[in-house]
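Chemist: Sequence unavailable; structure follows:
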């Protein structure tokens, strides 16, 4: 009997497994979104459309009967369905006769500065990408002009928006192209439209790690300049095009995260209310403060409009979690957002098909489960929208 054990090169095994997985994910995407493998946004009921616009369903019906605005799709049961494009067209129509500016188009006005929100934590499973994606989509559906940036080389935010990093970005196309030290591209060259009106995307992939490798080399050669301003300077090229930028940051405190912090006007720190996560956050905050001290000493203005903690994957019936939430609220007060993101099978099940809860049909879930999760997300994201409005001096 031959007991010879064959050794395999670990790098060859990992590469083969990576290629197998990438091909399977590509096949899955093509089966989910045929024939051209591109995602589309679902249609919204008249009630959902009215809620997004802040009007009554009966008023939408009257607009339709009067021939004003886009005509909704009528189902066999005579229900009216509106596309995201229809809702945006109605928003612009209603704004023309609004009682005051911004009732239906809530974005920037003259004198308002671009809101750049960095969503961060270096603990895996804290709900960072889930928070980022739902926030960006909710703000876009509510009428804000939003740019979503995936700064995480793992690129889950990118995958949620219908781009497969390892196949669709073989020749670049990430923010790295706009912030690299040699021959940077204009940031507009890496911005792509999504299937949601008002939401543009700068995708991410492993190429972003090049910035982590390039920066020490540039610093050693004296070519880095104020490297932590590179994201801020790139965003300045499109300052007038957007109301809000949502950055899904990497789960570590590297040069990318430092650059995002320097560009941010608001910071969201996701926290899963478990003791190990809170202990991890303690180290994260200390390391962040130390890094920001270094950046400030280099002449950067590290003042922000706001910083808030987002409770994620929260289970109201879990007594230990409630004790930790009470502990955090006692310690940080209003810095902890009032609205938590509930742990829900609806959110995790939507993620199985690379969708957010805003993209999936209510009929795909138990109605009470879906409604509870959706209310949680809406309340949280609208609380963040109120923070943006307060920063602009409107609330």
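Modeler: Arrived safely, thanks for sending. Please read these numbers as outputs of a predicted model, since none were measured by experiment. Numbering: from 1, shown residues only.
Chemist: so how many other residues sit close to residue 216?
Modeler: 12 (other CB atoms under 10 Å). Bear in mind the C-beta positions are built from the backbone N, C-alpha and C, glycine included.
Chemist: Distance of it relative to residue 231?
Modeler: For residue 216, the distance to residue 231 under the criterion CB to CB, to the nearest Å works out to 17 Å.
Chemist: again with residue 375
Modeler: As defined by CB to CB, residue 375 lies at a distance of 34 Å from residue 231.
Chemist: ok, those two, which is more surrounded?
Modeler: Set side by side, residue 375 and residue 231 show more neighbours around residue 231, with 28 against 12, by other CB under 10 Å.
Chemist: State the helix or strand in which that one lies.
Modeler: Element membership for residue 231 (DSSP states H and E) is helix 230-236.
Chemist: Now do that helix: which elements does it pack against?
Modeler: Other helices and strands packing on helix 230-236, by 3 or more CB pairs under 8 Å, 6 or more residues apart in numbering; DSSP states H and E, are helix 176-179, helix 255-263.
Chemist: mind giving me CSV with these and columns for mean pLDDT and distance to residue 44?
Modeler: As requested, the helices and strands packed on helix 230-236 are exported to CSV (pLDDT from 0 to 100; distance: least, CB to CB, whole Å):
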stretch, mean pLDDT, distance to residue 44
helix 176-179, 96, 34
helix 255-263, 90, 32
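Chemist: list the contacts for the residue nearest to residue 132 when sequence neighbours are not counted?
Modeler: Computed as CB to CB, 6 or more residues apart in numbering, the closest residue to residue 132 that is not its neighbour in sequence is residue 248, at 3.9 Å. Going by CB atoms under 8 Å, 6 or more residues apart in numbering, residue 248 touches 119, 128-129, 132-133, 148-152, 156-157, 204.
Chemist: In helices, which of those residues fall?
Modeler: Where the contacts of residue 248 overlap with helices, as defined by DSSP state H, the overlap consists of 128, 129, 132, 133, 156, 157.
Chemist: ok, the third one touching residue 246?
Modeler: Yes - the pair residue 132 and residue 246 passes the contact test of CB atoms under 8 Å, sitting 5.6 Å apart.
Chemist: tell me, what's touching those two both at once?
Modeler: Contact criterion CB under 8 Å, 6+ apart; residues shared by residue 132 and residue 246: 119, 148.
Chemist: So which bits of stretch 53-63 are buried?
Modeler: Buried residues in stretch 53-63, counted by 16 or more other CB atoms under 10 Å: 53, 55, 60, 63.
Chemist: actually stretch 284-302, sorry about that
Modeler: 284, 288, 291, 292, 295, 300.
Chemist: Point to the residue nearest the middle of the chain.
Modeler: residue 132 (2.6 Å; CA atoms, centre = their mean).
Chemist: Helices along the stretch 101-250 of the chain, start to end?
Modeler: Along the stretch 101-250 of the chain, the segments classed as helices by DSSP state H, counting those that start in this stretch run 128-141, 156-160, 165-168, 176-179, 209-221, 230-236.
Chemist: which one of those lies closest to residue 255?
Modeler: Across the helices of the stretch 101-250 of the chain, the minimum distance to residue 255, taken as CB to CB, is reached by helix 209-221, at 4.4 Å.
Chemist: what's the angle from the closest one to helix 255-263?
Modeler: Here the directions of helix 209-221 and helix 255-263 differ by 80 degrees (axes from the mean of the first three to the mean of the last three CA atoms, to 10 degrees).
Chemist: Which elements pack onto helix 209-221?
Modeler: With contacts defined as 3+ CB pairs under 8 Å, 6+ apart, helix 209-221 has these neighbours: helix 176-179, helix 255-263.
Chemist: JSON lines for these, including distance to residue 309 and mean neighbour count?
Modeler: JSON lines is the format used below for the helices and strands packed on helix 209-221 (distance: least, CB to CB, whole Å; neighbours: other CB atoms under 10 Å):
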{"stretch": "helix 176-179", "distance to residue 309": "28", "mean neighbour count": "24"}
{"stretch": "helix 255-263", "distance to residue 309": "16", "mean neighbour count": "24"}
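Chemist: wait, which of those is closest to residue 311?
Modeler: The stretch from these with the least distance to residue 311 (CB to CB) is helix 255-263; that distance is 21.3 Å.
Chemist: quick one on the thing from earlier: switch the helices and strands packed on helix 209-221 over to JSON lines; also include distance to residue 355.
Modeler: Conversion of the helices and strands packed on helix 209-221 to JSON lines gives the following (distance: least, CB to CB, whole Å):
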{"stretch": "helix 176-179", "distance to residue 355": "27"}
{"stretch": "helix 255-263", "distance to residue 355": "25"}
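Chemist: pLDDT below threshold where in the stretch 1-150 of the chain?
Modeler: When residues are selected by pLDDT under 70, those of the stretch 1-150 of the chain lie in 1-15, 18-23, 25-37, 122-125.
Chemist: Right, I'll leave it there.
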